[in-house]
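A.B. asks: Predicted structure and sequence below. I'll ask about it afterward.
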Amino acid sequence: IDHRIDTSIMLCRHLLKSDKASLSVELGPGYAWEQKASGSDHFMTARLSQRFEYRFNKEVRLWQSFGWTPRVEDLSEGVFEAELGLENKLNSALSLRSFVRHRIDTSPAGGQGRSDTALMVGLGYGFGGSDEPDAAAADLGNAVPGNAVAPDDGWETTAAMGLTLNRGNSDKT
């Protein structure tokens, strides 16, 4: 795969949800665009995934996830992903993320392997607010329409960006 973009709409069911740990399963339809050595393609997908999180404290959490994204018209073609990561909050909004991702493509481009393992490091930005009420009230970045201040649990809504370069197997970029 030279590149692949996956989009999905997911329904989530929490099997376990506490202050320290959560376990959920997700299911939904999606669409994928990919470029391989054999050319470009786009197709409908389904996505089934599982996610576990454990919060050591308000600053550090561990997560594990597994996902399967097959083509709708041929369930034997798809991508399996497993991930294990650690996130550490640097301040009320910024966090450092490190994780290992293993990916298997059941129909790789000719001459390419079926799997890749990557170690990734990135920064995340949390939109959830601060643990300190006075700081959160003063921070306009935490404003939510209809509320004076956003919830103070910065783990629920995040944005992250990273770049991974792999060579030699199914996933190149």
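C.D. replies: It's in.

A.B. asks: least trustworthy helix or strand in this protein by mean pLDDT?
C.D. replies: helix 133-138 (a mean of 42; mean pLDDT, DSSP states H and E).

A.B. asks: How far away from the center of its chain is stretch 29-49?
C.D. replies: Stretch 29-49 has its C-alpha centroid displaced from the chain centroid by 17 Å (CA atoms, centre = their mean, to the nearest Å).

A.B. asks: Figure out the length between the terminal residues of it.
C.D. replies: With CA to CA, to the nearest Å as the measure, stretch 29-49 spans 12 Å from end to end.

A.B. asks: mean confidence score for it?
C.D. replies: The pLDDT scores in stretch 29-49 average 86.

A.B. asks: who's in contact with that stretch?
C.D. replies: By CB atoms under 8 Å, 6 or more residues apart in numbering, the residues outside stretch 29-49 that reach it are 1-10, 25-28, 65-73, 75, 78, 108-112. All C-beta spots, glycine's among them, are computed from the backbone N, C-alpha and C.

A.B. asks: can you rerun that using 6 Å?
C.D. replies: Here stretch 29-49 makes contact (CB atoms under 6 Å, 6 or more residues apart in numbering) with 1-8, 26-28, 67-72, 109.

A.B. asks: Please, a PyMOL command that selects the buried ones among these?
C.D. replies: To isolate the buried members of the contacts of stretch 29-49 in PyMOL, using 16 or more other CB atoms under 10 Å:
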select buried, resi 1+4+8+26+67+68+69+70+71+109
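
A.B. asks: So which of the contacts of stretch 29-49 are in strands?
C.D. replies: 3-8, 26-28, 67-70 (DSSP state E).

A.B. asks: can you redo the residues you listed as JSON lines with distance to Leu94?
C.D. replies: Shown next, in JSON lines, are the ones in strands among the contacts of stretch 29-49 (distance: CB to CB, whole Å):
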{"residue": "His3", "distance to Leu94": "28"}
{"residue": "Arg4", "distance to Leu94": "28"}
{"residue": "Ile5", "distance to Leu94": "26"}
{"residue": "Asp6", "distance to Leu94": "26"}
{"residue": "Thr7", "distance to Leu94": "26"}
{"residue": "Ser8", "distance to Leu94": "27"}
{"residue": "Glu26", "distance to Leu94": "26"}
{"residue": "Leu27", "distance to Leu94": "32"}
{"residue": "Gly28", "distance to Leu94": "30"}
{"residue": "Gly67", "distance to Leu94": "26"}
{"residue": "Trp68", "distance to Leu94": "32"}
{"residue": "Thr69", "distance to Leu94": "30"}
{"residue": "Pro70", "distance to Leu94": "36"}
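
A.B. asks: Which two of those have the greatest separation?
C.D. replies: Farthest pair in these (CB to CB) is His3 and Leu27. Separation: 25.3 Å.

A.B. asks: I'm done for today, thanks for sticking with me.
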